[in-house]
Every structure is written in structure tokens, then in C-alpha cells.
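J.: show me how the following folds:
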Amino acid sequence: MSRYDAHRGYAAPAHDRPRLMNLMLPWAAGIVVTLVTQLVLAVLVWDVITGDDVSTMASPVRTVLLLHLPSAACVALGVWAAAAVHQGASRESQVRHFIAAFTPAVVIQLVIFFSQGSDLTVITFLVQLVVLVVGCAVGFLVDRLRNG
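T.: Residues are numbered from 1 along each chain as shown. Now for the predicted structure:
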């Protein structure tokens, strides 16, 4: 394909694009799915379940059940979406497929870590790290089971 065919609407095949461009769509899908599901989770938990009474979240069991497990599910959905969208020859490479699938979740988690600043304690760091690892593992496992 010549450069003069671009105005006619012909797209370059996936193998002709730079490798970084093959990762942009999975990253975008992973970020959008993770952020939208986290938003739905926040609205559901804080507005519907707890309402104005924050004391309902005082129990560690309720915190795990209402915040951390659903958050891991949101990360898993984001990783699954990123891995599912990743196509082409780039998908055949395990390293590139890992980068395509896990980068959105890791970047979002790093933004969360840096936004907490001095409020980040060791226990919150470890809990959020476990949520990230479990979500990434489940999302990638679902993608592998879906694709055989």
C-alpha cells in the first residue's frame, strides 16, 4: 500500500503498523472498561448500599466483600477486555500479550498509589497490590480459557 492510498480509506494491515500502535487499542479498552466498572461499583456501593451511613463499612469483612472483591472483578474485566482486543501477530508473543493485557490495570493502580500520597500505608498498599494481582490473574485466565 502506498502512502497515496491513505486518502481513499485503505487502512494499513496490522502487521505493517508499528508495534506500539498494536498496543493502543487494548490499552484503551482496558482503561475504559476498568474505569467504567469502577465508577459503577463506586455508585453502587456508596450511594445504594451504604448511603449516608458510612459505619456499615466499619467491619473488615464488609470492606472485603463490598470493596476489594468487586474491585478485583473490575480489574479482571479490564484485563480481559484488553487481552480480548489484542489481535494480530503481536498476540502470538507472550511478552507483548502480557504488556497489552496488564499495562492498563498497572497504570491505573500506580495512579491510585501516587494520588494517595502520605495516606498510603503499608497495609493499604499490600491490600491494593493483592487486589491488582488477583484481578490480573483472573482476567488473564478468563482470556486464556476463552481462546483455548
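
J.: low pLDDT regions in this structure?
T.: Within the chain, the stretches with pLDDT under 70 are 1-19, 52, 54, 56-57, 148.

J.: tell me where it has helices.
T.: In the chain, the helices defined using DSSP state H lie at 19-43, 60-63, 69-85, 89-92, 94-116, 122-147.

J.: and the third one, how far out from the chain's middle?
T.: Once both centres are worked out by C-alpha atoms, centre = their mean, to the nearest Å, helix 69-85 turns out to sit 5 Å from its chain's centre.

J.: before we move on, the earlier item: just send the helices of the chain back as TSV, with mean neighbour count too.
T.: To be clear about C-beta, it is placed using only N, CA and C from the backbone, and glycine gets the same treatment. Converted to TSV, the helices of the chain look like this (neighbours: other C-beta atoms under 10 Å):
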stretch	mean neighbour count
helix 19-43	17
helix 60-63	10
helix 69-85	23
helix 89-92	15
helix 94-116	16
helix 122-147	15
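
J.: and for stretch 51-66, what are the contacting residues?
T.: With C-beta atoms under 8 Å, 6 or more residues apart in numbering as the test, stretch 51-66 has contacts from 45, 49-50, 67.

J.: of these, buried ones?
T.: By neighbour count, with 16 or more other C-beta atoms under 10 Å, these hold 45, 67 as buried.

J.: quick check, nearest of the contacts of stretch 51-66 to Ala89?
T.: Minimum distance to Ala89 across the contacts of stretch 51-66 is 39.5 Å, recorded for Leu67 (C-beta to C-beta).

J.: list the contacts for the closest residue to that closest one other than its chain neighbours?
T.: Among residues not flanking Leu67 along the chain, Val45 sits closest, at 6.6 Å (C-beta to C-beta, 6 or more residues apart in numbering). Listed by C-beta under 8 Å, 6+ apart, the contact set of Val45 reads 66-67, 70.

J.: ditto for Val75
T.: 34, 105, 109, 131-132, 134-136, 139.

J.: check those and tell me the two furthest apart.
T.: Using C-beta to C-beta, the two most remote members of the contacts of Val75 are Thr34 and Val134, lying 14.1 Å apart.

J.: just put the contacts of stretch 51-66 in CSV and tack on distance to Trp80.
T.: Formatted as CSV, the contacts of stretch 51-66 follow (distance: C-beta to C-beta, whole Å):
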residue, distance to Trp80
Val45, 22
Ile49, 25
Thr50, 28
Leu67, 20
